[in-house]
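1. structure of the sequence below:
(one chain, ligands or ions: 1)
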Amino acid sequence: MSHNLRELVFATNNPHKLSEVQHLLGNSFHLLSLNDINFNDEIPEDYDTLEENALQKAQYIYTITKQNCFADDTGLEVEALNGRPGVYSARYAGESKDPKANVQKLLMELKGVENRKARFRTVVALIIDGKEHLFEGIVDGRIIESERGVDGFGYDPVFLPDGYSSTFAEMNLSQKNAISHRARAIESLVNFLRNS
Ligand code: IMP
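-> Numbers count the residues shown, from 1 in each chain. All right, here's what the predicted structure looks like:
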């Protein structure tokens, strides 16, 4: 069966994420942001798992626009903090969603803590012709003691992926995309789209 797979709405207006994902998709898919389709609603994120939130976002957009779409939800899961901040990563230090404050709070919570193991986990929910599909991407690493690097966003300056000596914020976009949680989740999405 042939689907119109080439045009896909990505439930974001975050320019960092859009360029990361567009880079991964290459020319085979036409990615539309929420701005591109003039979608200005506040999208609900009411749940406490990445899976439920990603699905809720994709369902919300699909119901209104009837366009094939996907949404992602990512969390930084720190072992010594029992998986926190996890689904609350964006608003860890408060509703202002200040990335600097989030990083400072994380470093404070891990002060003197020996186990620095952490992972980024991304869940992507795709809705295509009304059917739902979930994809996951994980990158394991550790939280260093103080910030290093200026690229990227969020917790990048304190996240050192396993097997590398640069933090995510010391990598350029292609280096980060080669191993990142989001890249891995999107890769699974792209493989699925190519094979369906
Ligand atoms: P979102 O679900 O992609 O919006 O991610 C939620 C939060 O997780 C963001 O606000 C960031 O704090 C953090 N985050 C997600 N992806 C990354 C990343 O690639 N690097 C650093 N922080 C990230």
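
2. mean confidence score for stretch 29-42?
-> Averaged across stretch 29-42, the pLDDT comes to 91.

3. next one: that stretch to chain centre, how far?
-> Stretch 29-42 sits 17 Å away from the centroid of its parent chain (C-alpha atoms, centre = their mean, to the nearest Å).

4. do that stretch and the ligand meet?
-> No: judged by C-beta under 6 Å from any ligand atom, stretch 29-42 stays clear of the ligand, getting no closer than 13.2 Å. No exception for glycine: its C-beta is placed from N, CA and C like everyone else's.

5. buried residues of that stretch, list them for me.
-> F29, L31, L32, S33, L34, F39 (16 or more other C-beta atoms under 10 Å).

6. so the last one touches T65, yeah?
-> Put plainly, it is F39. Yes: under the criterion of C-beta atoms under 8 Å, F39 makes contact with T65 at 6.6 Å.

7. find the residues that touch each one of these two.
-> V9 (C-beta atoms under 8 Å, 6 or more residues apart in numbering).

8. so what pLDDT did the residue of the chain found nearest the ligand get?
-> Nearest to the ligand, among the residues of the chain, is G154, at 2.4 Å (C-beta to the nearest ligand atom). For G154, the model assigns a pLDDT of 96.

9. what helix or strand is it on?
-> Counting by DSSP states H and E, no helix or strand carries G154.

10. give me the number of residues near D73?
-> A total of 26 residues lie near D73 under the criterion other C-beta atoms under 10 Å.

11. which SS state does it fall under?
-> strand (DSSP: H, G, I helix; E, B strand; the rest coil).

12. how about the spatially most central residue of the chain: what's its closest non-neighbour residue?
-> For the chain, the residue nearest the mean C-alpha position is T74 (4.0 Å; C-alpha atoms, centre = their mean). Counting by C-beta to C-beta, 6 or more residues apart in numbering, T122 is the residue found nearest to T74 once chain neighbours are left out, at 4.4 Å.

13. so that neighbour sits against R184, correct?
-> Yes: proximity of T122 to R184 meets the contact threshold set by C-beta under 8 Å, at 7.3 Å.

14. list the residues that contact both of those two?
-> The overlap between the contact sets of T122 and R184 (C-beta under 8 Å, 6+ apart) consists of E136, G137, I138.

15. for these, which one is nearest G112?
-> The nearest member of the shared contacts of T122 and R184 to G112, counting by C-beta to C-beta, is I138 at 26.8 Å.

16. now that closest one: how far from P44?
-> Distance of I138 to P44, computed by C-beta to C-beta, to the nearest Å: 25 Å.
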